[in-house]
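A.B. asks: need coordinates for the below:
(one chain, ligands or ions: 1)
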Amino acid sequence: MNQLLSREMQMKEIFHYPVMYREVIDLLDIKNKKIIVDCTAGLGSHALKFADSLSADSYYIGIDKDEETLKIVNDKLSKLNIKFSLINEDFANVDVALKKIGISRADIFLFDLGISMYQLTNPERGFSFTNEGPLDMRMNRASFISAYDLINNLSELELENIFKKFGEERYSRRIAHVLIEKRQHEPISTTTQLTQAILSAMPQSAFKYKIHPATRIFQALRIAVNRELEALETGLIKAVNLLNPGGRIGVISFHSLEDRIVKHAFKEFSSQGVLKIITKKPITPGKEELAENIASRSGKLRIAEKI
Ligand SMILES: C[S@@+](CC[C@H](N)C(=O)[O-])C[C@H]1O[C@@H](n2cnc3c(N)ncnc32)[C@H](O)[C@@H]1O
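C.D. replies: The predicted model follows:
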């Protein structure tokens, strides 16, 4: 029990660096906007940075599909003098989420994609190949399909396709084949078992890169389990429709599949005369930020304004 409690306390202390927060505050013009929808509230680190820029009539709305993290955000924001609501929803349902609190339009939408440090560093959540834990990877723990289900039930071809499409993994076929062989003896149920199986399928040449050889497969599984790309496509369209004229939308992405979706969506809306693109090229973290948080090095920020 004591161990459990101390783990809980430890998790509450986890810090998530708010990627490109200076640029976000500046380019989304947080100071002059009233209704701010943070579609990925995470650990509330962006929210805490926004707090100084919020006026008495500003309203911060934080959405996250992970109920656990929202409890932590609530603890943090309750100590401040700001008007806020937190909603446990998928941002693909951002319209439904806002309806719940009687909001029909907003001035800002922010998406900071992926997972938080809280999720990544908690072994129980199964997101990391460096921590032994169950093969889970669900951002929303009430959802039905976990990484365990995919790894142990999909066909070899289905697994190969997931690894190729969402991980752009060169050795997808070999890895899928090894996984099918291994699971015939016993289910693959932990992050360590999965990592070992991936490593055993890789040729020696795959070990010479800086990036851990299991990175792409873990990314692919996470995207598949949480249907991340579908949620992004739907969430972006809904957010743009809910934006007030003059309002801004910002998206921070961490891999090319996400960035491609954002770039195309903004382009499409811009050609329809709905959005004006503010960042012709994506913004990336500056030297100062990289010195503080090297993990943000793959971040790309795109911003557009509703016409
Ligand atoms: C990178 S973290 C955000 C960190 C946050 N900006 C902060 O400063 O603490 C991403 C968060 O988005 C949430 N998330 C990812 N996809 C989501 C979706 N489709 N709907 C709602 N929340 C989502 C994750 O659960 C995670 O908490």
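A.B. asks: in terms of helices and strands, where is the residue in the stretch 1-150 of the chain that the ligand sits nearest to?
C.D. replies: With Cβ to the nearest ligand atom as the measure, Gly42 is the residue of the stretch 1-150 of the chain nearest to the ligand, at 2.3 Å. The C-beta positions use only the backbone N, C-alpha and C, and glycine is treated the same way. Using DSSP states H and E, Gly42 sits within no helix or strand.
A.B. asks: tell me who's in contact with it.
C.D. replies: Gly42 makes contacts with His16, Asp64, Thr69, Val73, Asp112, Ser116, Tyr118, as judged by Cβ atoms under 8 Å, 6 or more residues apart in numbering.
A.B. asks: restricted to buried residues, select those in PyMOL.
C.D. replies: Only the buried members of these enter the following PyMOL selection, criterion being 16 or more other Cβ atoms under 10 Å:
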select buried, resi 16+64+69+73+112+116+118
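A.B. asks: show me the contacts of Gly42 that map onto helices.
C.D. replies: Among those, DSSP state H puts Thr69, Val73, Tyr118 in helices.
A.B. asks: quick one, grab the pLDDT at the closest residue in space to the second one that isn't next to it in sequence.
C.D. replies: With Cβ to Cβ, 6 or more residues apart in numbering as the measure, Gly44 is the residue that lies nearest to Val73, at 3.6 Å, once sequence neighbours are left out. At Gly44, the model reports a pLDDT of 97.
A.B. asks: hmm, Gly44 is touching Ile72, no?
C.D. replies: Yes. Assessed by Cβ atoms under 8 Å, Gly44 is found in contact with Ile72 at 6.8 Å.
A.B. asks: neighbour count: these two, which is higher?
C.D. replies: The neighbour count for Gly44 versus Ile72, taken as other Cβ atoms under 10 Å, is higher for Gly44 (28 against 22).
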